[in-house]
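Trainee: Dropping a prediction and its sequence here:
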Amino acid sequence: GDEIATVNDPEWATEPGHDSDNRWAHRPRMDWARAEQRHELHHVEGRLFLGLRHLIEVRAGLPHLESSVAAEIPRLSDPGILPVLRRHPLGPLLELFNVTDGWRAWPGWRLDELGLVGARDAISGNHIHPGPDGNIW
């Protein structure tokens with residue numbers, strides 16, 4: 001259901017046998033009409049489905065994320081952004097996890113410090129250039 005923007009079921013507890021297990025909130029009945037719209041980019045379901053497929057393809061192409069590659073936690077620049085660095089023979093990969101409820105910037109100068117000169121965003125394919133304020137958004 002997540003692949004087609006299905007929302008939680010607010011009536012989950014009214015179903016017999018579900019009232020003591022709140023996991024059913026995240027398991028609404030499948031809306032097959034919405035599922036059919038996953039191939040139509042003018043629908044939210046289609047855009048979300050396409051976006052998730054892209055993320056899956058990007059993830060599959062990153063050997064840096066194999067379990068044999070150690071994860072390092074560099075010094076924090078912001079307590080709301082968790083940096084994870086993985087050094088793979090093909091080159092380093094920096095993951096930035098924003099654990100806040102809003103947008104956060106990350107200092108671009110840290111890329112050089114971590115040996116990520118000429119960094120590229122794995123999702124967009126774009127080279128990363130810090131903005132005028134020196135931050136990455």
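Mentor: Nice, I can see it.
Trainee: Only C-alpha atoms from now on, for both contacts and neighbour counts.
Mentor: Will do.
Trainee: Next, Leu82: secondary structure please.
Mentor: strand (DSSP: H, G, I helix; E, B strand; the rest coil).
Trainee: So what's the residue count around it?
Mentor: Leu82: 17 surrounding residues under other Cα atoms under 10 Å.
Trainee: and if you look at Trp106?
Mentor: By other Cα under 10 Å, the residues close to Trp106 number 20.
Trainee: And for Leu94?
Mentor: Leu94 has 22 nearby residues by other Cα under 10 Å.
Trainee: Equivalent analysis for the one 10 residues further on, please.
Mentor: Burial of Arg104, expressed as a neighbour count using other Cα under 10 Å, amounts to 15.
Trainee: Hmm, it is touching Phe97, no?
Mentor: No. Arg104 is beyond contact range of Phe97, at 9.9 Å (criterion: Cα atoms under 8 Å).
Trainee: In this protein, where's the longest helix?
Mentor: Longest helix of the chain, by residue count under DSSP state H: helix 44-60.
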